[in-house]
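Student: I would like to see how this sequence folds:
(2 chains)
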2 protein chains.
Amino acid sequence: MADRPAPAAVVGVGLMGGSLALALRERAGREEVRGFDPDAGALRRAVEVGAITTPAPSLEAAVDGADVVFLAAPVGRLGALAREAVAASGADCVVTDVGSAKHAVVSALPADARERFVGGHPVCGAERTGVEHARADLFVGATYFLTPGPEVRPDVYERLHALIAALGAHPVAIDAGVHDDLMALVSHVPHVLASALINQAAGTAPSGREALRSAGPSFADLTRVGGANPPLWTDILVANREAVLRALEGFASRLAEVGEAISRDDRAWLTAFFEEAAEGRGRLMAPTPPAGVTPWRVVVGVPDRPGAISEIATALGHAHINIDDLSLLPGPPGSGGELRLVVAGEAAATDAVARIAAIGHRVRAEPLG
Amino acid sequence: MADRPAPAAVVGVGLMGGSLALALRERAGREEVRGFDPDAGALRRAVEVGAITTPAPSLEAAVDGADVVFLAAPVGRLGALAREAVAASGADCVVTDVGSAKHAVVSALPADARERFVGGHPVCGAERTGVEHARADLFVGATYFLTPGPEVRPDVYERLHALIAALGAHPVAIDAGVHDDLMALVSHVPHVLASALINQAAGTAPSGREALRSAGPSFADLTRVGGANPPLWTDILVANREAVLRALEGFASRLAEVGEAISRDDRAWLTAFFEEAAEGRGRLMAPTPPAGVTPWRVVVGVPDRPGAISEIATALGHAHINIDDLSLLPGPPGSGGELRLVVAGEAAATDAVARIAAIGHRVRAEPLG
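Tutor: Residues are numbered from 1 along each chain as shown, chains lettered A, B, ... in the order given. Here you go, the predicted model:
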């Protein structure tokens, strides 16, 4: 590779793709960001706002020679695009996407394509859509889920992790299925609930119109996202079908339990239900550890097999241990290498060591001075 | 009656009762506000903060000689208290409550007691509880539902309507059953949904703690009221049992429909579902008519039978026509009288005339001023 970094490619240049392109240029020091979008007008505007340096006439042309490809298209298209992008890109190119359902994308890929594909999901967004509203700082401070499968090559994951951190986001590795269940619960089903509540209120004659005005804050809070972007949310529900159906079913069971408790006048059950929520809310909102604690380095001997690095990153992601930095030092051929992670503070390092040891790796930790 | 207005009475002096007492003194010019609370400490503090002028040793002592009684106790106690308050108060005394479920209270009353009882529900509240946080301006600009039944005496309703307006609130007459269905939908079920969502998220290992932090705004919005005040919300669900069960059932059906549409990959149905919500949300949030329009007087010939005035007020409440002022001019004995309403603007007046004529009354409208 020459002195200049390879081009990056962004496929789909709406708000998210445009913001990625801007952040790649302004925060990650990329000089060339190629873009492709089937909407020629969107692509032209992406160049005009300075997001894309090099418009490309096709996905193939955009990814040719790139070392990283971001797919920022509607979620229903991501599986097909990932297949095309892996096939058209070079042997060291990382392909990632920004969809809010991850299992469906990776299952669309043949096994060998999964070596270079890492699912991604930046948890951020904006009220407005379109590349005109793209911002280089959209990802700063945001959780950015990565869902490396067992086939992902360690060097591929390492480069993507570093690039996401350079954009200002916090990369968090998570199993694709766990991600999809979590998003179903905290985002997809809540959107369904909000719209269902509005539809029920609007259909309640004669007082529908009085509803929002007279309801106080709970109704306004619960329905704020109702009716937002119908085609987008239709795509998301379909793309995350299995997890959304599981979450809806679990939710319906809970509502049925509440109804039964009301029917039998079971105040103790109802009070316990609300108390569990009060306790759960307190726990869910517990503050993260303060910034400024000493960074610790966790050093792991990794065997020379695919899956080890994604297994370790995912174990820490599930345990809510943020990996602030991740680097891989290869050993002699056939002997594995050394994975170096940086985490915040001794407690996180001790926890990380225990969890990595538990899945069978040699591991030690030391403060970074 | 002497020059001084009769005492008002407030039973239950928490945040709501204390605020009513303060508003009665500061906004409605009441010199004497008697208070009773089974919690002697709360009653003492209500006197200390200047809400209650005259602490009473019992409900009977508080209401004796009062011309209006506000019951601001836990919703499960309101039926029994309403019965006691009507029995212990004078023949012209209005008894009202501030509970968020209305049908259960009035059904606890014998038919003759219903002549002087009007259910009430100020749609306002505060994060904090206790008379220490009571405020005279709590009701300013708030919708204040009144649920006059057919047995309510017109003079009783007229006085209560004027008093609620004097507190700064907008009195809106509504059928008790319609009120309960509406509140189930826009407040009680949303509280259940918020707590159910938290309980489901908190129980989702291993990523529960990540949930709120990574979920973006929809989850935070939807769960903001989750787990608030477990005993209060238990009481409300039980007090509004029938309407809450109906709303929960209707809601569960909608969720099941969404699940079926996802299962059969029915994008058109899902898009229509979200579009209906977008349209409904726009309609529910449509702005109220601007202030400053010409007030119109609507004059109705009312027959000398109970129920006429509550029927008219409720018809306008259901049609979202605010009654800014309401007064009753009695005619000769046995001949009925004249009900004068003030509404904002010609359009509202025309609508009011049509609706009042439709239920069989002589009615005309004229601009004021």
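
Student: please make it C-alpha for all contacts and neighbour counts, starting now.
Tutor: Will do.

Student: now stretch A:331-349: buried residues?
Tutor: A:Gly337, A:Glu338, A:Leu339, A:Arg340, A:Leu341, A:Val342, A:Val343, A:Ala344, A:Gly345, A:Glu346, A:Ala348, A:Ala349 (16 or more other CA atoms under 10 Å in any protein chain shown).

Student: any idea which helix or strand comes after the worst-scoring helix or strand of chain A on mean pLDDT?
Tutor: Taking mean pLDDT, DSSP states H and E as the measure, the helix or strand of chain A with the lowest value is helix A:208-214, at a mean of 54. Where DSSP states H and E defines the elements, the next helix or strand beyond helix A:208-214 is helix A:217-223.

Student: model confidence over whichever helix or strand comes after that next one, on average?
Tutor: Proceeding N to C from helix A:217-223, the next assigned helix or strand is helix A:230-239, under DSSP H and E. The average pLDDT within helix A:230-239 is 93.

Student: tell me the secondary structure at A:Ala9.
Tutor: strand (DSSP: H, G, I helix; E, B strand; the rest coil).

Student: oops, could you answer that again for A:Asp155 instead?
Tutor: helix.

Student: contact partners for it?
Tutor: Applying CA atoms under 8 Å, 6 or more residues apart in numbering or on different chains to A:Asp155 gives the contacts A:Leu328.

Student: roughly how far apart are the residue in the stretch 251-369 of chain A that chain B sits nearest to and A:Leu270?
Tutor: Going by CA to the nearest CA, chain B is nearest to A:Ala278 of the stretch 251-369 of chain A, at 3.9 Å. As judged by CA to CA, to the nearest Å, A:Ala278 and A:Leu270 stand 13 Å apart.

Student: please say which of the two ends up with more neighbours.
Tutor: With neighbours defined as other CA atoms under 10 Å in any protein chain shown, A:Ala278 and A:Leu270 compare such that A:Leu270 has more, 24 against 21.

Student: wait, that one sits on B:Leu232?
Tutor: No. With contact defined as CA atoms under 8 Å, A:Leu270 does not count as touching B:Leu232 (10.5 Å).

Student: that older thread, any chance of TSV for the buried residues of stretch A:331-349, columns distance to chain B and secondary structure?
Tutor: TSV is the format used below for those (distance: CA to the nearest CA, whole Å; DSSP: H, G, I helix; E, B strand; the rest coil):
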residue	distance to chain B	secondary structure
A:Gly337	29	strand
A:Glu338	27	strand
A:Leu339	24	strand
A:Arg340	24	strand
A:Leu341	20	strand
A:Val342	20	strand
A:Val343	17	strand
A:Ala344	17	strand
A:Gly345	19	coil
A:Glu346	20	helix
A:Ala348	15	helix
A:Ala349	19	helix
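
Student: possible to save the residues you listed as TSV with pLDDT?
Tutor: Formatted as TSV, the buried residues of stretch A:331-349 follow (pLDDT from 0 to 100):
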residue	pLDDT
A:Gly337	82
A:Glu338	85
A:Leu339	87
A:Arg340	87
A:Leu341	88
A:Val342	87
A:Val343	87
A:Ala344	86
A:Gly345	88
A:Glu346	90
A:Ala348	89
A:Ala349	92
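
Student: A:Ala51 touches A:Ala21, doesn't it?
Tutor: Yes. Here A:Ala51 reaches A:Ala21: they are 5.1 Å apart, a contact under CA under 8 Å.

Student: now do the shared contacts for these two.
Tutor: A:Val33.

Student: dump the residue contacts of the residue of the stretch 251-369 of chain A closest to chain B.
Tutor: Here A:Ala278 is in contact with B:Ser195, B:Gly226, B:Gly227, B:Ala228 (CA under 8 Å, 6+ apart).

Student: give me the three-state assignment for it.
Tutor: On the three-state scheme (three-state DSSP), A:Ala278 is labelled helix.

Student: next, count neighbours for A:Ala365.
Tutor: 19.

Student: A:Ile321 now?
Tutor: Using other CA under 10 Å, A:Ile321 has 20 neighbouring residues.

Student: isn't it right next to A:Ala352, touching?
Tutor: Yes. At 7.2 Å, A:Ile321 counts as touching A:Ala352 under the criterion of CA under 8 Å.

Student: thinking again about what came up before, could the contacts of A:Ala278 go into TSV alongside neighbour count and distance to chain A?
Tutor: Listed next are those as TSV, based on neighbours: other CA atoms under 10 Å in any protein chain shown; distance: CA to the nearest CA, whole Å:
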residue	neighbour count	distance to chain A
B:Ser195	28	5
B:Gly226	28	6
B:Gly227	27	4
B:Ala228	18	7
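
Student: and the residue nearest the centre of chain A, what helix or strand is that in?
Tutor: Centroid check for chain A by CA atoms, centre = their mean gives A:His121 as the closest residue, at 2.1 Å. With elements taken from DSSP H and E, the one containing A:His121 is strand A:117-122.

Student: what's next to that strand, contact-wise?
Tutor: Contacts of strand A:117-122 (CA under 8 Å, 6+ apart): A:82, A:86, A:94-100, A:102, A:105-106, A:139, A:142-149, A:152, A:157, A:169, A:176.

Student: find the closest residue to chain B in the stretch 101-250 of chain A.
Tutor: Closest point on the stretch 101-250 of chain A to chain B, by CA to the nearest CA, is A:Gly227, at 3.9 Å.

Student: wait, that residue touches B:Phe274, no?
Tutor: Yes. In this structure A:Gly227 lies within contact range of B:Phe274 using CA under 8 Å: 4.7 Å.

Student: any residues in contact with both of the two?
Tutor: Joint contacts of A:Gly227 and B:Phe274 (CA under 8 Å, 6+ apart) are A:Ser195.

Student: okay, now the unreliable bits of the stretch 1-150 of chain A?
Tutor: The stretch 1-150 of chain A contains residues with pLDDT under 70 at A:1-3, A:126-127.

Student: and with 50 instead?
Tutor: A:1-2 (pLDDT under 50).

Student: so which bits of stretch A:359-369 are buried?
Tutor: Across stretch A:359-369, burial judged by 16+ other CA under 10 Å covers A:His361, A:Val363, A:Arg364, A:Ala365.

Student: for the residues you listed, give me a markdown table that also has secondary structure.
Tutor: As requested, the buried residues of stretch A:359-369 are exported to a markdown table (three-state DSSP):
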| residue | secondary structure |
| --- | --- |
| A:His361 | coil |
| A:Val363 | strand |
| A:Arg364 | strand |
| A:Ala365 | strand |
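
Student: any chance you could list what contacts the helix or strand harbouring A:Gly79?
Tutor: When elements are assigned from DSSP H and E, A:Gly79 belongs to helix A:78-88. With CA under 8 Å, 6+ apart as the test, helix A:78-88 has contacts from A:59-60, A:63-64, A:69, A:71-72, A:93, A:95-97, A:99, A:104-110, A:113, A:116-117.

Student: pull out the buried residues from these.
Tutor: A:59-60, A:63-64, A:69, A:71-72, A:93, A:95-97, A:99, A:104-106, A:108-109, A:113, A:116-117.

Student: so what's the backbone phi/psi at A:Asn229?
Tutor: phi 40, psi 70 (degrees, to the nearest 10).

Student: which stretches in the stretch 151-300 of chain A count as strands?
Tutor: With DSSP state E, counting those that start in this stretch, the ranges of strands along the stretch 151-300 of chain A come out as A:170-173, A:295-302.

Student: what's in contact with the last one?
Tutor: To tie it back to what came earlier, the one meant is strand A:295-302. Contacts for strand A:295-302 (CA under 8 Å, 6+ apart): A:308-309, A:336-346, A:349, A:352-353, A:356, A:361-369.
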